[in-house]
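Visitor: Here is my input, please return the structure:
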Amino acid sequence: MRAPALRPARCRLRALCAALALFVPLAASAQDPARDVLPEQLQPRAFVGPTGLVRLGPRVLFSAFHVTTGQELWSSDGTTAGTVLLKDIRPGFRGAFPSWQTRFGAHVYFTATDGEHGLELWRSDGTARGTQRVTDLNPGEADAMPAELTAWRDALYFVANDGRHGFQLWKTGGDARSTRRVSSVDAGPGAVVRQLTPAGRRLFFTATSHAHGHELWVSEGTPETTRLVKDIRPGAEDGNLENLVAIGERLWFTASDGRHGIELWTSDGSEAGTRMVKDIRPGEAASRPAHLTAVGATLYFAAEDGTHGIELWRSDGTEAGTQLVKDIRPGAASSVPGPLAAFGGRLYFAATDGATGAELWTSDGSAAGTRLVKDLGPGAGSGSPARFAQAGGRLWFSANDGVHGVEPWSTDGSAAGTRLAADVAPGPRHAMPLGFVALGDAVLFVADDGLGNERLWSRSTKGGARRATLIGDPLRERLR
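Guide: Now for the predicted structure:
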C-alpha cells in the first residue's frame with residue numbers, strides 16, 4: 001500500500017530534476033571522451049566569470065566557472081547554442097582552473113590541473129579530444145605553474161618551476177619531447193624569471209640572481225645564448241625594471257641605476273647598447289614613465305618632469321628626440337594620461353585638461369595634433385575610458401557617460417563615430433566590460449549583467465540599436 005502513496009512525490013521529484021537539468025546538469029555526465037563536446041541536452045549553460053578570451057579559427061576559447069564543473073575550458077561561436085563546455089579537465093565540481101590562454105600555431109595553450117597532476121602546461125585545438133596536457137614538468141601533484149606564455153618564432157616560451165630550478169625560462173614546440181628549460185638563472189627554489197618580451201630575433205626578460213638582483217636578461221632561444229644583458233644597478237640591488245615594450249629589434253623599459261630615479265631606458269641586447277634614454281626629471285628624483293605604448297616607430301608614455309606635472313611624452317630613442325608632446329593641463333597640474341592605446345596610426349588615451357574630466361584624447365605626436373576626441377561624461381564628470389582593445393576595425397573601450405554607468409563604447413577616431421555600444425547593465429549600474437575579441441560580424445566581451453555576475457556578451461559590428469546579446473544563459477535569455 002506504500003507504493004501508490006509515494007508515486008506523487010516521485011513524480012514531483014522527477015519533474016524537479018527535469019527542470020533543473022535545463023540549467024544545472026549533473027557533473028557525472030559532464031564528459032563523454034568519445035565526443036568532441038558534450039551532447040546538447042547535457043551542456044551546462046549558466047556559467048559565470050569568463051576570462052582569457054582567445055580567438056581560434058571560427059570560435060573563441062575561454063575559462064569560465066559553472067557550479068557543477070568548477071572553472072574549466074569553454075568554447076563559443078558567438079551564440080548560446082554554440083557555447084559549450086569544451087572539456088571537463090578535472091571531473092567534478094573542483095575545476096581545472098585554466099589560465100594564461102595563448103594562441104600558438106593551430107592551438108591555444110594554457111595552464112591547468114586535472115587533479116592528478118598539478119598546474120601544468122596544456123593545449124587545445126578546439127575539440128575535447130585535442131585538449132591534452134603537454135607535459136608534467138613538476139612530476140606528480142606538485143605544481144609547475146606555467147605562466148607568461150609567449151609565442152615567439154617557432155616555439156612557445158613560458159616561465160615554470162620543475163621543483164628543482166625555481167621559476168626559469170622554458171620553451172616547447174607543442175609536445176613533451178620538444179619541451180626544455182632554456183635558462184638557469186641562479187637555479188634553485190628562489191629563482192624568478194618574468195616579463196617575457198620578444199624583440200626581433202631576441203627574447204628579453206627580467207630575472208633575479210644573487211649577484212645582480214633583478215635585472216635585464218636576453219635569449220635567442222638556447223641555454224648558450226641566454227645571458228645577463230647589463231647589471232643596471234650594480235651589485236645585488238634590483239634595477240626595478242618594469243614596463244618592457246618592443247619596437248623592432250629594440251627594447252624599451254623603465255629602470256633605476258641607483259644614481260637616477262626611475263627613468264626611460266632602452267636596449268639592443270648588448271651591454272654597451274643598454275642605456276638610459278633621458279633623465280627626464282634630473283637627479284635622484286624619478287619621472288616614473290608609465291603606460292609605455294608603441295605607435296609605429298615612436299614610443300609614447302606618461303611622465304613627470306617636475307615642471308609640467310604628469311603629461312604625455314614621446315621618444316625616438318635619442319635624448320633630443322625624447323620630448324613632451326603637449327602640456328594638456330597647463331602648468332604644474334597633471335593631465336595624467338593613461339591608459340594608452342595604438343589605433344589607426346595614432347595614439348588614443350584618457351586625460352583631463354582641467355575643464356573636462358578624464359576623457360578620450362588622441363595624438364599624432366605633435367602638440368597641434370593632440371586633441372580631445374569626445375567629452376563622454378559632459379562637464380566636470382569623467383568618462384574615464386579604459387581597457388582599450390582593437391576589434392572589428394574599431395577601438396573598443398569601457399567608459400561612463402554619467403547616465404549609463406561603465407559600459408562598452410567604440411570609436412573610429414572621430415567624435416561622431418565615438419558611441420555607446422550597449423547598455424548591458426541598464427541605467428546607472430556598471431557593466432565594467434573588458435576582453436573585447438572580434439568574431440565574425442560581432443565583438444565578444446565580458447561584462448557584469450547588473451546582477452553581480454560577469455557573463456559573456458556579443459555585440460554586432462554592423463551598427464543598429466545599442467544592444468548586446470547575452471551568451472550561454474538560457475534562463476536569462478528567456479527573461480530578457
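Visitor: SS state for F388?
Guide: Put simply, F388 is strand when judged by DSSP: H, G, I helix; E, B strand; the rest coil.
Visitor: Tell me which residues touch it, please.
Guide: F388 makes contact with 339-341, 343, 348, 395-397, according to Cβ atoms under 8 Å, 6 or more residues apart in numbering. Heads up, the C-betas are built off the backbone N, CA and C, glycines and all.
Visitor: Tabulate the residues you listed (JSON lines), appending distance to E284 and pLDDT.
Guide: What follows is these, written out as JSON lines (distance: Cβ to Cβ, whole Å; pLDDT from 0 to 100):
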{"residue": "P339", "distance to E284": "28", "pLDDT": "97"}
{"residue": "L340", "distance to E284": "27", "pLDDT": "98"}
{"residue": "A341", "distance to E284": "32", "pLDDT": "98"}
{"residue": "F343", "distance to E284": "37", "pLDDT": "98"}
{"residue": "Y348", "distance to E284": "34", "pLDDT": "98"}
{"residue": "L395", "distance to E284": "38", "pLDDT": "97"}
{"residue": "W396", "distance to E284": "41", "pLDDT": "98"}
{"residue": "F397", "distance to E284": "37", "pLDDT": "98"}
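Visitor: and those as TSV, adding neighbour count, secondary structure and distance to T206?
Guide: Shown next, in TSV, are those (neighbours: other Cβ atoms under 10 Å; DSSP: H, G, I helix; E, B strand; the rest coil; distance: Cβ to Cβ, whole Å):
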residue	neighbour count	secondary structure	distance to T206
P339	16	coil	22
L340	23	strand	22
A341	24	strand	24
F343	20	strand	28
Y348	23	strand	28
L395	27	strand	30
W396	27	strand	30
F397	28	strand	29
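Visitor: got the contact list for stretch 103-116?
Guide: 52, 54-56, 61, 63, 73, 89-92, 94, 96-102, 119-126, 130, 133-134, 141, 143, 145-147, 149, 151, 156, 158, 174.
Visitor: circling back to that earlier point, and the furthest pair within the contacts of F388?
Guide: Using Cβ to Cβ, the pair of these lying farthest apart is L340 and W396, separated by 15.0 Å.
Visitor: can you pull up the bridge partners for the closest residue to Y109 other than its chain neighbours?
Guide: Using Cβ to Cβ, 6 or more residues apart in numbering and skipping residues adjacent in sequence, the residue nearest Y109 is R123, 4.7 Å away. R123 has these beta-bridge partners by DSSP bridges: Y109, Q132.
Visitor: ok, now Y300?
Guide: With DSSP bridges as the rule, Y300 is bridged to T293, R314.
Visitor: if I read this right, it contacts D316, doesn't it?
Guide: No: applying Cβ atoms under 8 Å as the test, Y300 and D316 come out as separate, 11.1 Å apart.
Visitor: sorry, back to before: need the contacts of F388 in TSV (columns: distance to S219).
Guide: Below are the contacts of F388 laid out as TSV (distance: Cβ to Cβ, whole Å):
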residue	distance to S219
P339	29
L340	28
A341	29
F343	31
Y348	33
L395	34
W396	34
F397	35
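Visitor: out of those, which one sits closest to T266?
Guide: L340 (17.8 Å).
Visitor: More neighbours: which of Y300 and D316?
Guide: Set Y300 next to D316 and count neighbours by other Cβ atoms under 10 Å: Y300 wins out with 24 against 14.
Visitor: so how far is T418 from that one?
Guide: Going from Y300 to T418 by Cβ to Cβ, to the nearest Å gives 20 Å.
Visitor: which residue ranges form the helices in the stretch 101-250 of the chain?
Guide: In the stretch 101-250 of the chain, no helices are found when defined by DSSP state H, counting those that start in this stretch.
Visitor: which intervals of the stretch 101-250 of the chain have sub-threshold pLDDT?
Guide: Low-confidence segments of the stretch 101-250 of the chain (pLDDT under 70): 187-189.
Visitor: Go through the contacts of F388 and say which is closest to R281.
Guide: L340 (19.5 Å).
Visitor: you'd agree the closest one is up against L347?
Guide: Yes: with contact defined as Cβ under 8 Å, L340 and L347 form a contacting pair (6.0 Å).
Visitor: Mutual contacts of those two, please.
Guide: Residues touching both L340 and L347 by Cβ under 8 Å, 6+ apart: 293, 300.
Visitor: quick one on the thing from earlier: quick check on the contacts of stretch 103-116: which are buried?
Guide: For these, a burial check counting by 16 or more other Cβ atoms under 10 Å picks out 52, 54, 56, 61, 63, 73, 89-91, 96-102, 119-126, 133-134, 143, 145-147, 149, 156, 158, 174.
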